[in-house]
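Engineer: With the input below, show me the fold.
(one chain, ligands or ions: 1)
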Amino acid sequence: MTISDEALHKEVTAWLAANWKPTFRGRAAAGSAGGASPEWLTMVVEARWAVPRWSEQWYGRGLDDHQARIVERAFAAVGAPGSGQDRSNLWANTALAYASPSFKAKIVPALLKGEVGMCLLYSEPGAGSDLAGVRTRVERVDDHYVVNGQKVWTSSAAEADYGMLLARTDWDVPKHKGLSFFFLPMKQPGVEVRPLRQITNESHFNEVFLTDAIASAENLLGPLGGGWGVLQTALAYERSVMGEAARGPRSGAKETGGETNLIDLAREAGRLNDPLIREDIARVTALKMLNRMNTARAKADLAQGTSSPIMSLGKLAMSRILHEEARVRTAILGAGSLLEGPDHPRAEDANFLTLNAYFTSIGGGTDQIQRNIIGERVLGLPKEPEVDRDVPFRQVRGG
Ligand SMILES: Cc1cc2nc3c(=O)[nH]c(=O)nc-3n(C[C@H](O)[C@H](O)[C@H](O)COP(=O)(O)OP(=O)(O)OC[C@H]3O[C@@H](n4cnc5c(N)ncnc54)[C@H](O)[C@@H]3O)c2cc1C
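Structural biologist: Predicted structure coming up:
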């Protein structure tokens, strides 16, 4: 059934007026839609606003991108989270595309409602940029799978209920072909999580040791040996999220990385009339505007059902913006940026953002890897040589 833009806008704004309360902001499971309580997310899912582009069978309304954005804008206008998960929820989108019908029926609603915590079990000590080189081993035993290996840099592993696991199921075919993709249950004896300390002195990511961990047959996503294809979809969603949003200052000040922050900061520091500072602020503002437009373009591609290489432009741009913005903050504060502690929140923020900018330029694929992807897939440059691409993985040397 089609609905006019006006009727849709009226329906969603009336629903929000009747239901949304700021007290619904809260912490759902790790990785779920930005800062909302499961109670609120459940209401959004049941009212079919969470994934308006998806079909009715999957909690959606089958809306086109234009109408889905009317819904998202109405949510944004009152500051309510939870809508637009058909673009942003990488876990639910990956499960919808590749999980078996029975597992999908269980996991997709739980993911949309923020009831299930998730993490990404991709990187290993010997495989990060070269993810196709993972050596975590999965073997079929009777009706289930047994997992052995080690993962690293796993964000939110301690709170997660499931990890999206990339692992090797066939050692006798070339490296991209012997991989499979699982939703591995994390709360089991075979999974040991050890926290790591970051440069920002926080501890959001972990090492994960897998020793005879068990995955059931329904935890397999996509075909056995088809994990590389599933990964491409998951990575495209991850990069689009990272290309669009970034963490703001730790102090919890009103800033979230917006251009007015730098202007306020410059005014406060008496530097607003400094021509070099003004030029710096203008550059960061222009980069952000361009990145917003590019992200919209990449998402339109994704809505057509393709994993878009243009996503890499957004993530790379966000990484540059974050480093640049942190540099400009430091320049505005001058020598004051060397101060630390609660009496100097502006300096704390500048220093935190300087260090935290590496999150985006390494996590989800480094800047250099994004440049390779853009070179090869967007600009059509020759592919990087890969000497081990067609060799059975068993013969590939590695640690
Ligand atoms: C904050 C944060 C959170 C993370 N969260 C997770 C997570 O939840 N789950 C997960 O699985 N991983 C996670 N990671 C890991 C991240 O995906 C990897 O660190 C990243 O892919 C790089 O891999 P690596 O660290 O092994 O570096 P390497 O691959 O060893 O790279 C080292 C350096 O060599 C460069 N390089 C490598 N290959 C090439 C090439 N072909 N061309 C040009 N340069 C190259 C890289 O750009 C880099 O500068 C996280 C990382 C960070 C920083």
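Engineer: Give me the phi and psi angles of the residue nearest to E115 when sequence neighbours are not counted.
Structural biologist: Using Cβ to Cβ, 6 or more residues apart in numbering and skipping the chain neighbours, the partner closest in space to E115 is P38 (5.4 Å). In this view, the C-beta of every residue, glycine as well, is placed from N, C-alpha and C. The phi and psi values for P38, taken as degrees, to the nearest 10, are phi -60, psi -30.
Engineer: and if you look at P345?
Structural biologist: According to degrees, to the nearest 10, P345 has phi -60, psi -30.
Engineer: Up against the ligand, what does the stretch 201-350 of the chain have?
Structural biologist: Residues of the stretch 201-350 of the chain found near the ligand (Cβ under 6 Å from any ligand atom) are F205.
Engineer: returning to that earlier point: okay but the residue nearest to E115 is in contact with L112, surely?
Structural biologist: No. Contact criterion Cβ atoms under 8 Å: P38 and L112 do not qualify, at 10.2 Å.
Engineer: so how far is S37 from E6?
Structural biologist: From E6 over to S37 the distance is 31 Å, taken as Cβ to Cβ, to the nearest Å.
Engineer: Same drill for those two, tell me which one is more crowded.
Structural biologist: A direct count of neighbours by other Cβ atoms under 10 Å for E6 and S37 places S37 higher, at 18 against 9.
Engineer: Not counting sequence-adjacent ones, nearest residue to that one?
Structural biologist: In space, S37 comes closest to G26 once its chain neighbours are excluded; the distance is 3.5 Å by Cβ to Cβ, 6+ apart.
Engineer: The one you found - how many residues pack around it?
Structural biologist: Neighbour tally, G26, other Cβ under 10 Å: 13.
Engineer: For F209, what is the enclosing helix or strand?
Structural biologist: In this assignment (DSSP states H and E), F209 forms part of strand 205-216.
Engineer: So what touches that strand?
Structural biologist: For strand 205-216, the surrounding residues in contact (Cβ atoms under 8 Å, 6 or more residues apart in numbering) are 121, 136, 138, 143-158, 163, 165, 182-185, 188, 190-196, 198.
Engineer: Identify the residues contacting the closest residue to P195 other than its chain neighbours.
Structural biologist: In space, P195 comes closest to S203 once its chain neighbours are excluded; the distance is 4.6 Å by Cβ to Cβ, 6+ apart. Neighbouring residues of S203 by Cβ under 8 Å, 6+ apart: 195-197.
Engineer: next one: phi and psi at S203?
Structural biologist: Dihedral angles for S203 - degrees, to the nearest 10 - are phi -140, psi 70.
Engineer: Give me the spatial nearest neighbour of the residue of the stretch 101-250 of the chain at minimum distance from the ligand, chain neighbours excluded.
Structural biologist: Across the stretch 101-250 of the chain, the shortest distance to the ligand (Cβ to the nearest ligand atom) belongs to G128, at 1.9 Å. Nearest non-adjacent residue to G128, counting by Cβ to Cβ, 6+ apart: W153, 7.6 Å away.
Engineer: and whichever strand or helix holds the one you found with strand 205-216, angle?
Structural biologist: Using DSSP H and E, W153 maps to strand 144-155. Angle, strand 144-155 to strand 205-216, by axes from the mean of the first three to the mean of the last three Cα atoms, to 10 degrees: 160 degrees.
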